[in-house]
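*Asks:* model the structure of this input:
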Amino acid sequence: MNQAPRDLYLGLISGTSADGIDAALCRFDPHPELLAGLTHPYPDGLREEIIRVSQSTEPVDLDALGRLEQRIASAFAEAARALMDSAGVGPERIAAIGSHGQTIRHRPEGPHPFTWQMGDPSLIAERTRCTVVADFRRRDLAAGGQGAPLLPALHAALLRDPHEDRAVLNLGGIANLTLLPRGGAVRGFDTGPANCLLDAWHARHRGEGYDANGDWAAGGTADRILLEQLLCEPYFARPAPKSTGREMLNLEWLGERGGARLKTLRPQDVQATLLALSIDTVATALLREQPSTQRLLVCGGGARNAALMAGLARRLPGAQVESSAVRGVDPDLVEAMGFAWLAHATLHSRPGNLPEVTGAAGPRILGGLFSA
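*Replies:* Below is the predicted model of the structure:
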């Protein structure tokens, strides 16, 4: 009896919002194809611990970090098994799982740059009985790059069009742009906050992890003075390559930048201002770097934020702003699909980074291999 081919790849990621693990089952030959996907919630209390540790400026107990890594890995393995079960696919069909892990720190600058994604790949391989490719970002960082963003090459494969200048905007905790001109090199970079500040402020004042549809922000009034203070952050004006994360853009940063003005405003008006900040930093970056953009394709959780999408459309009247779903790409699963794609590239000894995006010294094969 002929054995079924081992031709499928499974991608796993929890982004900077840490709002669950996205899992995507894919095939890449002869072209990228999403077969199935799901979002697997973190167990109670784990998301809160991840956010606490990722934003902490205080010393963290090493034993607590070790336990946290294994809890994250267990949740990633459960997400992979849940997707395989729902798709009716056994580990014998999976060529590899591409596991991004959970970013705890991303410090690409300074004399000793580093990036740290938690989620022990050995445990994931043991629990799933699948080969795992993981730790994708560090090789690019070692080559002088930012280690991010890593998905512009996939964005180009899925969404580039020879007839119009496009951009792909991923709205997770952090916003990042991929520029897809009709001709010329693909470029990409993190613009600044997408949902990270919005979610954190909403959780502090409303007790829920996110502002559904941006309704609370839409009911407030953005404060111009506070917005201008926040926009003075030097990162926003820096040229690419660049990347950032929750370790910079958090409520402590908001307090430092907002100062006394922050304390004079209604919480709902602060939320409206944070929404304006996300919109402004994306729109300003896009207009500066690719003013000819005709279509902005949005993916990530922010694609479901109606107030955010409407604000981008107002700021970018020359571009059609739409969810990547309109082009047949599930906005919730693009990143998970991307790490399946990176695992495929690694197994075929192909570079996964774009040096013109990350600033690395050259193309590099990314990730380490953890056999089933």
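*Asks:* need the contact list for the nearest residue to Gln294 once chain neighbours are set aside.
*Replies:* Counting by C-beta to C-beta, 6 or more residues apart in numbering, the nearest residue to Gln294 once its immediate chain neighbours are dropped is Glu164, at 4.4 Å. Quick note: C-beta positions are derived from backbone N, CA and C, even for glycine. Taking C-beta atoms under 8 Å, 6 or more residues apart in numbering as the contact definition, Glu164 lies against 182, 294-295.
*Asks:* need the worst-confidence member of those residues.
*Replies:* When the contacts of Glu164 are compared on pLDDT, Arg182 comes out least confident, at 95.
*Asks:* thinking again about what came up before, which pLDDT value belongs to the residue nearest to Gln294?
*Replies:* The pLDDT attached to Glu164 in the predicted structure is 97.
*Asks:* any idea how far Pro331 is from it?
*Replies:* For Glu164, the distance to Pro331 (C-beta to C-beta, to the nearest Å) stands at 20 Å.
*Asks:* same question for Asp19.
*Replies:* Look at Asp19 and Pro331: by C-beta to C-beta, they are 14 Å apart.
*Asks:* now Ala24: phi and psi?
*Replies:* Note on Ala24: its backbone torsions stand at phi -130, psi 130 [degrees, to the nearest 10].
*Asks:* doesn't Val329 make contact with it?
*Replies:* No: contact status for Ala24 versus Val329: not in contact, 10.8 Å apart, counting by C-beta atoms under 8 Å.
*Asks:* of those two, who's got more company?
*Replies:* When Ala24 and Val329 are compared on other C-beta atoms under 10 Å, the one with more neighbours turns out to be Ala24, at 27 against 20.
*Asks:* what residue, apart from its backbone neighbours, is nearest that one spatially?
*Replies:* In space, Ala24 is closest to Ala336, 3.7 Å off (C-beta to C-beta, 6+ apart).
*Asks:* what number of residues lie near Ser122?
*Replies:* 12.
*Asks:* A helix includes it, no?
*Replies:* Yes: if the criterion is DSSP: H, G, I helix; E, B strand; the rest coil, then Ser122 is within a helix.
*Asks:* pLDDT wise, what is it at?
*Replies:* The confidence metric pLDDT takes the value 98 at Ser122.
*Asks:* dump the residue contacts of it.
*Replies:* Ser122 is in contact with 132, 370, counting by C-beta under 8 Å, 6+ apart.
*Asks:* now it: how far from Pro234?
*Replies:* Applying C-beta to C-beta, one obtains 40 Å for the distance of Ser122 from Pro234.
*Asks:* swap in His348?
*Replies:* When C-beta to C-beta is the yardstick, His348 and Pro234 sit 40 Å from each other.
*Asks:* of the two, who's got more company?
*Replies:* Neighbours around His348 and Pro234, counted as other C-beta under 10 Å, are more numerous at His348. The numbers are 11 against 6.
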